[in-house]
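*Asks:* Take a look and give me a structure for this.
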Amino acid sequence: MRSSEATPSILTVGHSTRTLEDLTRLLKAQGVKLVVDVRTIPRSKRNPQFNQESLPANLRTSGMDYVHLKELGGLRHPKVDSENKAWRNLSFRGFADYMQTAEFEAGLERLIILSQESSVAIMCAEALPWRCHRSLIADALSVRGIPVEHIMSEKTRTKHVMTKWAHIEGMKITYP
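*Replies:* Numbers count the residues shown, from 1 in each chain. Below you'll find the model as predicted:
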């Protein structure tokens, strides 16, 4: 367990169209030791440098480890009777519905445990956190008292702010 922080922050990052070198430099500058991939399909046609076949080995050469956590992957379909109607974007609504499942809870718990052992950044493809399901994962972590910061550049992080239409009951978040 890391002893430098009582409740370690979890960082988020989008690989976007960066080069592998740019991403590793960015992550190293932020002190990341473990990249937790939260893409449902850990591949990219446009940016093959971030494919699961090569990314773990490339990160290891830069002193970082890699875990694919499919339980936190996006690309979820909304339920017909979704209680998350505030999300107009159907992908976000689908992920908000998925957040009510035991599978999501198990993935979130695994992420929390990993963050207690190493400095973690969850990674997806989208550069902007508010355009990615990472923001919903960040909401779920925030409700549990875990600070989340979004990596914007080598020198800049922004603190996660709870989605304004989130409705919180204990650890349950809905977006009615």
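
*Asks:* Go through the biggest helix by length in the chain and flag the buried ones.
*Replies:* Among all segments of the chain classified by DSSP state H, the helix with the greatest residue count is helix 102-117. Taking 16 or more other Cβ atoms under 10 Å as the neighbour-count basis, helix 102-117 is seen to contain the buried residues Phe104, Gly107, Leu108, Leu111, Ile112, Leu114, Ser115. Glycine gets a C-beta too; all of them are placed from N, C-alpha and C.

*Asks:* and the third one, how far is that from Pro147?
*Replies:* If I follow you right, that is Leu108. 15 Å (Cβ to Cβ, to the nearest Å).

*Asks:* Run the chain-centre distance for the longest helix of the chain.
*Replies:* 11 Å (Cα atoms, centre = their mean, to the nearest Å).

*Asks:* Surely Ser135 touches Pro129?
*Replies:* Yes: Ser135 sits in contact with Pro129 when judged by Cβ atoms under 8 Å, with a separation of 5.1 Å.

*Asks:* Pull up the overlap in contacts between these two.
*Replies:* Residues within reach of Ser135 and of Pro129 at once, by Cβ atoms under 8 Å, 6 or more residues apart in numbering, are His160.

*Asks:* State the distance from Thr24 to Gly63.
*Replies:* Applying Cβ to Cβ to Thr24 and Gly63 gives a distance of 9 Å.

*Asks:* which regions of the chain lie under the pLDDT threshold?
*Replies:* 1-6 (pLDDT under 70).

*Asks:* which residues in it form strands?
*Replies:* In chain order, the chain shows strands spanning 10-14, 34-37, 65-68, 120-124, 148-151, 157-159, 167-169, 172-174, with DSSP state E as the criterion.

*Asks:* looking at the ones you listed, which is buried most?
*Replies:* strand 120-124 (a mean of 26; mean count of other Cβ atoms under 10 Å).
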